[in-house]
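Student: Build me a model from this:
(4 chains)
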Protein chains: 4
Amino acid sequence: MAESFDSLSPRAALVEIARDFHARGWMAGTAGNLSARVDHKHFWITASGKPKGRLQEKDFLLIRIEDGTVVERLAAPDKPSAETSIHRVIYTLFPDARACLHGHSIDACLAADRAVSAAMGLLLPPLEMVKGFDLWEQNPKVELPLFENLLDVTQIAESVRARFREAAPAVSALMVRSHGATVWGRSLQEAYNRFEILDFLLAYMARAERAG
Amino acid sequence: MAESFDSLSPRAALVEIARDFHARGWMAGTAGNLSARVDHKHFWITASGKPKGRLQEKDFLLIRIEDGTVVERLAAPDKPSAETSIHRVIYTLFPDARACLHGHSIDACLAADRAVSAAMGLLLPPLEMVKGFDLWEQNPKVELPLFENLLDVTQIAESVRARFREAAPAVSALMVRSHGATVWGRSLQEAYNRFEILDFLLAYMARAERAG
Amino acid sequence: MAESFDSLSPRAALVEIARDFHARGWMAGTAGNLSARVDHKHFWITASGKPKGRLQEKDFLLIRIEDGTVVERLAAPDKPSAETSIHRVIYTLFPDARACLHGHSIDACLAADRAVSAAMGLLLPPLEMVKGFDLWEQNPKVELPLFENLLDVTQIAESVRARFREAAPAVSALMVRSHGATVWGRSLQEAYNRFEILDFLLAYMARAERAG
Amino acid sequence: MAESFDSLSPRAALVEIARDFHARGWMAGTAGNLSARVDHKHFWITASGKPKGRLQEKDFLLIRIEDGTVVERLAAPDKPSAETSIHRVIYTLFPDARACLHGHSIDACLAADRAVSAAMGLLLPPLEMVKGFDLWEQNPKVELPLFENLLDVTQIAESVRARFREAAPAVSALMVRSHGATVWGRSLQEAYNRFEILDFLLAYMARAERAG
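Tutor: Now for the predicted structure:
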C-alpha cells in the first residue's frame, strides 16, 4: 500500500478514494464527485453517472477552472459531473486547494437537520478531532458553512462563491443541506483526512442528544 | 475490478452482488433473491435456500416469465426462490427491467414501521439522493409503494400486479412491510445503484426524528 | 470461496466463522466460543483465551460430550473454553445439532434489556426473517429463551439443561442476558445462517421504538 | 495470518493495528497514536501527522521513557506524536505494560457525555465483556478513569500520573473526555483485545437508554 494518496497519480488516488468512500456508504449509486488540481488552471473531475464503487482511471475529464471548458475527455461520451461548478469555485477562491471531495452521507444529512431553517452554519461539536482542521483551541467553537440545496447546482455554486469571497470559512469544508459535504485540502491526502474527520464530527452530532 | 456489473455475465454479476449485499447485512442467512433477465421471455433467479455470502454461479435457475416454468436447472435438486412470482410480475409489467434485486434490511423494516397501518406508500425523504431514481425535482415528494407481508407470496405478487398495472410507481422499487425492499433497473448496474440509494433513504428515515 | 461452510473441514470452517464474526464485532477480544460435532460422542471447541480475529486451526480441543473430558489437545497448554458446559448440554439434548456458535453482540445485549427483570424469554419481532428458523407463520410470535448471566457458567448450563429437557425452544437459540447469544444448527452452515438471522432480529429490536 | 500480534515485530504489529483501527473509524485522518515498549527504557511510537490507514513501518520514533528523548528516527523530519507524554506516564507507572493504544471513537465520546461535568470516572456497564479486563465478578461495578481534555497534552499526562500514582485503575485504560480512549496491555495482543473490549462497552453505553 502506498504511503500516502499523494504518492499516487491524482486519478489513481481518486479511484482508490472513490472505492473507499463507496464502501463506507458515502457514494451510494453514482452519488458524489471527486477532483484533483493538475496545475493552477486545470483539474481532473469524475465523469457524471459513474458507479463510484467501480470507478476507473478513465472516468475523469480535465476541466479548465476559469470557464469550465472540457480540455480532455478520456472516453468519448463522458460529461463532467453536474457539480463541476462548485469545484471550480473552490479552486478559484483557494489557490492552495489541490483536491476537492464531495460525498453524500446519512450522518451529514441528519446532523444538518439540527440546524434551524435558513441557518447559515452548523456549529461543530468541540471534540479533539476538530484539530484535524488545524484549529488548535480548547473547546473550539467552529461553524461549518451550510447552504440550501437547489435544483440548479450553478446557483449553489454562486452562493458558495458569494459567501466565501467575503470571508474564507473556518474549516476547508461546506455542507449542502439534505445533500452532503464537500471538503478540500492542500493535498489529496489532506482532503481525504479532513473528509473523514468532518464525517466523524457530523456522525457524533447526528447521534448526540440535543442540548436542553 | 470490472468497470460495471453490466460488463460481467449476468450470473457472475449476481454472485458479486449477493456477496456484497450479504456483507452489508442485506442478505443474512439465505434471505433475499436476485434475478437478471436474459431475453424478453426468461430470467435467471437464485435457487432457494442458498447462503448468499457464498453464492456460486451454479446456484441459479432459468425461469420462463409467462408461466414460471423452470427452463434450466444447473444443479439437480435446486428449486427457484419462493419469491419468483414477484420477479415475474416485475419483468411482465416493465419490459425494460433487466434485473430485479430483493434484500432484507433492518433499516428498511424500521423505516416502514413509520407508516400507519394499512398505508399504501411510504413518503421518501426529500434528499438529493432521490435523483438517483431519475427524479429531477427540488424537494421531491415521492412515495415508495408499500405492501403487506403475507405468508403466501403469490398473494403479494398478485397485489403488486394489481396495483402496478393501474399505474407504474414513481420509483422502480417497492417495499414489503416487516420484510424488505425489491428494486429493479434497466441494467444490472442500475438495479444495484438504486438498491443502494433506496437503502440510504430508508436508513435516513429509520434514524431521523419523527416530525411533529 | 467454498460453496458452503459444510464443504470445509469443521475446524477450517470454524476458523473462517471466527474471523468473520470478529470482523462484525461479535467476538471482540477473545470473547465467544465455537464448536462443531465430530460424531455423536465428541465435538471440537475453541481453546480458551484465543483472539478470535486471528484464530488458527490448532486452537481447538476435542471434547467428549458425556463428561467433558479433553480427548485431544493440539497445543499443550490449551484449555477448553469456559463455556464448554453449555455446548455439552446442547449436543446432549439435541442429537441433530452439528454446530454451536456463541458470540457477544451489542445489539443482543441491548435487545435483552427490553425484557423485564426475571423474564424467561424475549419476544422476537414478527419479521419475515423469522422464517430462517423454519417457522412458517404469518406474523409469528416466537420467544427466544432468556437466561440470567451467572459467574459460574456451569450453573447457566444447568439452567439450560433443566429448561430445555422439559421442552425444546421454538428457535434453535438462546440468549444469556448482558452476555450474548448461542445458536445451533443441523450443519455448520445452518448454525452460521441462524446466528446472522438472530442478530438481525435482535438488532431490529434494539433500534425499534418501544411499543406503548 | 499470524497467530497473534505478538508473533510479529512490534512495528509490523502496530502498522496492522493502525490499518485495522482506521478501517473501524477509530483513527480518522491522522488521529490517534500507538506505541510498543522495546525494553524497560524505550518504546516505539507513531510519528505525528501520519494517516493511520496507510501507516508504514518507518513511521515510528524510538523514545526514551525517562525523559522523552528521541533515540532513533527512521525518517529525518518526523516528530513524535503530540501525546507521547501520556505514553511515557503509562510505561513509567506500569512496568508490565508492553503496548499502549490511543484512538478516537464516536461511541467513546458519546458514552463519556453521560458522565456529569467534572466526574472522575465513567461506570462501565455490567456486561460479560468486562471479564476481558481480568475482572471475574458477577455484575461488576467498574469505573473507567475519566480525564478532562486540555489543549496542553502534558497537563493531561500530569493528571494521569498524579492520579494513577496514588492508585492503579481497575482497568488498564483511561478516557479523555471529548477525545478518546487509551488502553494498555501486557502484550500487543492484550492491548488490542482490550481496546476492542472497551469500545464494545462504550458503544453499548452510547446506545443504552438512560436509567431513571
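
Student: all helices for chain A, in order.
Tutor: For chain A, helices defined by DSSP state H occupy the ranges A:10-23, A:84-93, A:106-112, A:153-166, A:188-207.

Student: right, so of these, which gets closest to residue D:180?
Tutor: Residue D:180 lies closest to helix A:188-207 among these, at 10.6 Å (C-beta to C-beta). C-beta coordinates here come from the backbone N, C-alpha and C atoms, glycine included.

Student: tell me which strands and helices that closest one is in contact with?
Tutor: helix A:10-23, strand A:99-103, helix A:106-112, strand A:173-176, strand A:180-185, helix D:106-112 (3 or more C-beta pairs under 8 Å, 6 or more residues apart in numbering or on different chains; DSSP states H and E).

Student: okay, the angle between it and helix D:10-23?
Tutor: 50 degrees (axes from the mean of the first three to the mean of the last three C-alpha atoms, to 10 degrees).

Student: any idea how far helix A:188-207 is from the chain center?
Tutor: 10 Å (C-alpha atoms, centre = their mean, to the nearest Å).

Student: do stretch A:156-166 as well
Tutor: That offset, for stretch A:156-166, works out to 15 Å (C-alpha atoms, centre = their mean).

Student: Also stretch A:44-56?
Tutor: Taking the mean of its C-alpha atoms, stretch A:44-56 sits 15 Å from the chain's own mean (C-alpha atoms, centre = their mean).

Student: ok, is it in contact with chain B or not?
Tutor: Yes: shown here: stretch A:44-56 in contact with chain B (C-beta under 8 Å from any C-beta of the partner chain) through A:51, A:54, A:56.

Student: Counting neighbours, what do you get for whatever residue of chain A ends up closest to chain C?
Tutor: Across chain A, the shortest distance to chain C (C-beta to the nearest C-beta) belongs to residue A:207, at 12.2 Å. Residues lying near residue A:207 (other C-beta atoms under 10 Å in any protein chain shown) number 17.

Student: Cross-check the contact I'm expecting between it and residue D:106.
Tutor: Yes: taking contacts as C-beta atoms under 8 Å, residue A:207 lies within contact range of residue D:106: 6.9 Å.

Student: before we move on, the earlier item: what sits against the residue of chain A closest to chain C?
Tutor: Going by C-beta atoms under 8 Å, 6 or more residues apart in numbering or on different chains, residue A:207 touches A:107, D:106, D:110, D:206.

Student: middle-most residue in chain A, spatially?
Tutor: residue A:182 (2.2 Å; C-alpha atoms, centre = their mean).

Student: Within range of chain D, give me the residues from chain A.
Tutor: Proximity of chain A to chain D (C-beta under 8 Å from any C-beta) is limited to residues A:1-5, A:125-129, A:132, A:136-139, A:189, A:192-194, A:196-197, A:199-200, A:203-204, A:207-209.

Student: Below-threshold pLDDT in chain A: ranges please.
Tutor: Across chain A, residues meeting the criterion (pLDDT under 70) sit at A:210-212.

Student: How about the residues of it by chain B?
Tutor: A:19, A:25, A:28-31, A:51, A:54, A:56, A:104, A:106, A:109-110, A:113, A:149-151, A:176, A:178-180, A:206.

Student: How far off centre is stretch A:37-46?
Tutor: 15 Å.

Student: next one: stretch A:144-159
Tutor: For stretch A:144-159, the distance to the chain centre is 13 Å (C-alpha atoms, centre = their mean).

Student: Mind listing what's buried along it?
Tutor: Buried positions in stretch A:144-159, judged by neighbour count with 16 or more other C-beta atoms under 10 Å in any protein chain shown: A:144, A:145, A:146, A:147, A:148, A:149, A:150, A:153, A:154, A:156, A:157, A:159.

Student: what sits up against that stretch?
Tutor: With contacts defined as C-beta under 8 Å, 6+ apart, stretch A:144-159 is touched by A:82-83, A:85-86, A:88-89, A:112, A:115, A:118-124, A:160, A:163-164, A:169, A:171, A:173-179, A:181, A:198, B:128, B:136-138.

Student: and for residue A:207 and residue D:106, which residues touch both?
Tutor: Common neighbours of residue A:207 and residue D:106 (criterion: C-beta under 8 Å, 6+ apart): residue D:206.

Student: quick one on the thing from earlier: and which of the buried residues of stretch A:144-159 is nearest to chain D?
Tutor: Distances from chain D to the buried residues of stretch A:144-159, taken by C-beta to the nearest C-beta, are shortest for residue A:144, at 15.8 Å.

Student: Switch the helices of chain A over to TSV; also include distance to residue D:40.
Tutor: What follows is the helices of chain A, written out as TSV (distance: least, C-beta to C-beta, whole Å):
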stretch	distance to residue D:40
helix A:10-23	40
helix A:84-93	52
helix A:106-112	44
helix A:153-166	54
helix A:188-207	35
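
Student: So for residue B:96, which of those helices sits nearest?
Tutor: Among the helices of chain A, helix A:10-23 comes nearest to residue B:96, with 25.8 Å by C-beta to C-beta.

Student: ok, how many other residues are close to residue A:6?
Tutor: Residue A:6: 16 surrounding residues under other C-beta under 10 Å.

Student: doesn't residue A:13 make contact with it?
Tutor: Yes: the pair residue A:6 and residue A:13 qualifies as a contact (C-beta under 8 Å) at a distance of 7.4 Å.

Student: Between these two, which contacts overlap?
Tutor: Joint contacts of residue A:6 and residue A:13 (C-beta under 8 Å, 6+ apart) are residue A:188.

Student: buried set for stretch A:89-99?
Tutor: A:89, A:90, A:91, A:94, A:97, A:98, A:99.

Student: how far away is residue A:50 from residue B:4?
Tutor: According to C-beta to C-beta, to the nearest Å, residue A:50 and residue B:4 sit 9 Å apart.

Student: Between those two, tell me which one has more neighbours.
Tutor: More neighbours surround residue A:50 than the other of residue A:50 and residue B:4, with 23 against 18 (other C-beta under 10 Å).

Student: Pretty sure that one sits against residue A:29.
Tutor: No: assessed by C-beta under 8 Å, residue A:50 is found out of contact with residue A:29, at 10.2 Å.

Student: Packed most tightly, which of the helices and strands packed on helix A:188-207 would that be?
Tutor: By mean neighbour count, with neighbours taken as mean count of other C-beta atoms under 10 Å in any protein chain shown, strand A:99-103 ranks first of the helices and strands packed on helix A:188-207 at a mean of 28.

Student: roughly how far out does that strand sit from the chain middle?
Tutor: 3 Å.

Student: Show me what it packs onto, helices and strands only.
Tutor: Packing partners of strand A:99-103 (3+ C-beta pairs under 8 Å, 6+ apart): helix A:10-23, strand A:33-39, helix A:84-93, strand A:180-185, helix A:188-207.

Student: Measure how the longest one sits relative to strand A:33-39, angle-wise.
Tutor: It refers to helix A:188-207. Using the same axes, to 10 degrees: helix A:188-207 against strand A:33-39 is 150 degrees.

Student: who are the neighbours in contact with residue A:174?
Tutor: Applying C-beta under 8 Å, 6+ apart to residue A:174 gives the contacts A:144, A:145, A:146, A:147, A:160, A:181, A:182.

Student: just to revisit the earlier point, closest to residue A:69 out of the buried residues of stretch A:89-99?
Tutor: Taking C-beta to C-beta as the measure, residue A:69 sits nearest to residue A:91 out of these, at 13.8 Å.

Student: now the closest one: how far from residue A:27?
Tutor: Relative to residue A:27, residue A:91 is positioned 21 Å away (C-beta to C-beta).

Student: State the number of residues packed around residue A:114.
Tutor: Residue A:114: 16 neighbours (other C-beta under 10 Å).

Student: need the contact list for the closest residue to it other than its chain neighbours.
Tutor: Closest residue to residue A:114 apart from its sequence neighbours, by C-beta to C-beta, 6 or more residues apart in numbering or on different chains: residue A:205 at 6.3 Å. Going by C-beta under 8 Å, 6+ apart, residue A:205 touches A:107, A:110, A:111, A:114, A:122, A:124, A:125.

Student: was I right about residue A:175 contacting residue A:113?
Tutor: No: between residue A:175 and residue A:113 there is no contact under C-beta under 8 Å: 11.1 Å.
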